[in-house]
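J.: below are the sequence and a predicted model for it; my questions follow.
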Amino acid sequence: MRLRDPRALFGLTVLVAVAIAAIAAPVVTAGNPNAQRDIVATRFLPPLTADLHGTFHPLGTDRFGRDVWTRLVYGARISLGVGLLAVVISVAIGTAVGAAAGYLRGWPAMGLLGFTDFALALPRLVLLLLLAALWQPSAALVVVVLGLTGWMPIARLVHGEVRGLAVRPFVEGARALGARRARVLWRHILPNALTPVIVAAALGVGNAILLEASLSYLGLGVQPPTASWGSMIASGRDTLVNAPWVVTAPGLALVLVVVACTLLGDALRDALDPGAAKR
């Protein structure tokens, strides 16, 4: 992938900057994202102001006097972590199911494809809300739920790639030399089928981050007082007119990261599959 591509450059810059800030959160913030000192005197301070204790708040404070910048950076840990882990689970399950369905024949392949199509037909958001409502909401639950409801498109993608590669000459040659079915699949087919999976994973991270924020906004994801972009937006929705910075900061961060993931995915697709840009 060429870094001269403005989409790739923008996406990488944003994601790397957010990741570095999240990792270095104790250094680049005031410390505890849930710290509350003298709520009456520090609540709803506007951006670029200092409280009576001399603490500077670059993005202001919320209704409990908590620093918005600190909560924003710590919330990035939740958003990026949930997005990445959920996509890892989805890719692992989807690749395994898609590879098996594409390489096997007969009833096993039909059964896997039928189950995948059935799961794909279910509305994901409704399924997410149902699963999240059945158990105690937490970051770990959101990761598992997002991962278990996002593998179906990956499976269909891998299935198509494996079916196309299974009849290629180099695969037929490996079979003719006596290679076992498992070796042919894992050594010769899957490595050549991962290009669209990489692109789908990059796009999936942004989608998972957005879904996590949606669940947290609805109270079915990460629970307060843990900092999450979705819960930050939810906590500031009642004060949008009087204290818009409480919602604006996490909202803009969410949009920026999702757009960065989308642009990076598009750039990866064009770099790894040049023909896609011409179609």
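T.: That came through fine.

J.: nearest spatial neighbour of Ala119, chain-adjacent residues omitted?
T.: Leaving out its chain neighbours, the residue that sits closest to Ala119 by CB to CB, 6 or more residues apart in numbering is Met152, at 5.0 Å. (Glycine included, C-beta is placed from N, CA and C.)

J.: what segments of the stretch 1-150 of the chain are helices?
T.: 6-23, 25-28, 39-42, 68-103, 107-121, 124-134, 139-148 (DSSP state H, counting those that start in this stretch).

J.: and the next element down the chain from the last one?
T.: Reading on from helix 139-148 to the C-terminus, the next helix or strand found by DSSP states H and E is helix 152-165.

J.: and among the helices of the stretch 1-150 of the chain, the most buried is which?
T.: helix 68-103 (a mean of 23; mean count of other CB atoms under 10 Å).

J.: relative to helix 107-121, how tilted is that one?
T.: Orientation of helix 68-103 against helix 107-121 (axes from the mean of the first three to the mean of the last three CA atoms, to 10 degrees) gives an angle of 150 degrees.

J.: give me the local confidence score for the closest residue to Ala8 other than its chain neighbours.
T.: Distances taken as CB to CB, 6+ apart put Ala267 closest to Ala8, at 3.7 Å, once the chain neighbours are dropped. Looking at Ala267, its pLDDT is 89.

J.: mind listing what Gly106 touches?
T.: Neighbour list for Gly106: empty [criterion: CB atoms under 8 Å, 6 or more residues apart in numbering].

J.: please report how far it lies from Arg43.
T.: Here Gly106 is placed at a distance of 66 Å from Arg43 (CB to CB, to the nearest Å).

J.: ditto for Asp117
T.: From Asp117 to Arg43 the distance is 52 Å (CB to CB).

J.: next one: Arg105
T.: 65 Å.

J.: the two: which is more packed in?
T.: Arg43 (18 against 10; other CB atoms under 10 Å).

J.: tell me the contacts of that one?
T.: So Arg43 contacts Thr61, Asp62, Arg63, Phe64, Gly65 (CB under 8 Å, 6+ apart).

J.: out of those residues, who's nearest Leu80?
T.: Nearest to Leu80 among the contacts of Arg43: Asp62, at 21.4 Å, using CB to CB.

J.: contacting residues for that closest one?
T.: So Asp62 contacts Arg43, Phe44, Val68, Arg71, Met232, Ser235, Gly236, Ala243, Val246 (CB under 8 Å, 6+ apart).

J.: about what we covered before: and the residue nearest to Ala8, what element?
T.: Ala267 belongs to helix 245-272, assigned by DSSP H and E.

J.: coming back round to it: among the contacts of Asp62, which pair sits farthest apart?
T.: Pairwise over the contacts of Asp62, using CB to CB, the maximum falls at Arg43 and Met232, 14.9 Å.
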